[in-house]
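K.L.:
any chance you could fold what I've pasted below:
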Amino acid sequence: MTHRLFEGKDHASAYQKYRFTPPEELNNIILQYLSKKKGQPHVLAVDLGCGTGQNSHLLAPHFQEVVGIDISECQLEEARAVPGYPNITYRRGTAEDLPFPDCSVDLLTAASAAHWFDQSRFLAEASRVLKPRGCVALLGFSDLNTRLHYQDCGERLNQIYEEVRQVLLPYTSNRVTVSEGKLEELYSAIPFPDKERIDSVQVKSSISVRNLVGFIETWSMFQIYKKKDPKAADELLLKTQKRFLEEMGVMSPDTEIEQEMEYFCVLASKPG
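P.N.:
Numbering: from 1, shown residues only. From the prediction side, this is the model:
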């Protein structure tokens with residue numbers, strides 16, 4: 001069964017504002033893998049659980065057509081509102097029932113979404129819709145290994161971040177645990193002999209305190225907590241921002257800190 005935790009309008013709006021675009025380094029690895037396994041031309045990429053379209057935009061310059069699929073109409077409305085590439089279209093649907101003919105898709109990808117899929121049904125659909133030598137690329141990040149740096153107070157910032165995670169731990173879906181395990185079970189279940197996993201791509205970037213707190217707001221466990229106790233959830237965000245700023249000795253939530261994240265990717269190619 002597809003999990004439905006990201007459909008609300010407020011959640012979709014937060015996703016559009018604060019969710020990270022996957023790193024170019026990982027996008028290049030995926031494109032090189034596809035070129036090696038299937039070769040040109042790159043005609044159709046399908047971005048599953050596309051949310052508000054960050055990953056779809058990364059793919060667009062490299063394919064004739066990109067289709068983003070998501071179960072949430074609110075997420076898709078946000079995606080369609082972003083000006084971008086004319087070769088991207090967005091459709092409501094699920095990873096377990098894809099609206100494409102047999103052997104028609106070059107790349108089937110999902111960014112921080114595959115842990116929500118029904119594993120066996122998704123893999124059956126992947127086998128059906130991919131062209132011979134077409135590829136699956138499932139990417140995500142391990143938030144357990146996120147590290148924050150600002151002058152000499154990085155460890156305290158990491159401690160604050162971890163304390164927020166602990167508050168939200170009781171509201172964490174077991175599917176999030178699958179993602180933190182870097183999709184190990186799904187990787188094992190992929191029926192294609194030609195497959196590989198990249199366990200660690202370290203990416204450093206700058207992020208404002210405001211956007212870091214906004215990112216926390218996009219977490220599924222935060223949204224579950226907010227449904228249970230909206231006042232406490234809002235207070236958690238305000239308190240967290242205040243603690244970050246006090247620790248850093250600054251006033252502005254637009255102050256930027258360095259964030260180091262660990263991404264991973266599962267790659268597989270359908271037999272020719």
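K.L.:
so what sits opposite the closest residue to Asn55 other than its chain neighbours in the bridge?
P.N.:
Distances taken as C-beta to C-beta, 6 or more residues apart in numbering place Ala111 nearest to Asn55, at 4.0 Å, with adjacent residues excluded. All C-beta spots, glycine's among them, are computed from the backbone N, C-alpha and C. Taking DSSP bridges as the rule, Ala111 bridges to Leu139.
K.L.:
Asp47 is in contact with Ala111, correct?
P.N.:
Yes: because the distance of 7.3 Å satisfies C-beta atoms under 8 Å, Ala111 is recorded as touching Asp47.
K.L.:
give me the common contacts of those two.
P.N.:
Asn55 (C-beta atoms under 8 Å, 6 or more residues apart in numbering).
K.L.:
shouldn't Asp97 be in contact with Phe122?
P.N.:
No: the pair Asp97 and Phe122 fails to qualify as a contact (C-beta under 8 Å) at a distance of 9.7 Å.
K.L.:
settle it for me: which of the two has more neighbours?
P.N.:
Phe122 (25 against 12; other C-beta atoms under 10 Å).
K.L.:
mind giving me the packing neighbours of the strand or helix carrying the more buried one?
P.N.:
Assigned by DSSP states H and E, Phe122 falls within helix 119-129. Packed against helix 119-129 by the contact rule (3 or more C-beta pairs under 8 Å, 6 or more residues apart in numbering; DSSP states H and E) you find strand 105-111, helix 184-189.
K.L.:
try it again at 6 Å.
P.N.:
On a contact count with 3 or more C-beta pairs under 6 Å, 6 or more residues apart in numbering; DSSP states H and E, helix 119-129 meets no helix or strand.
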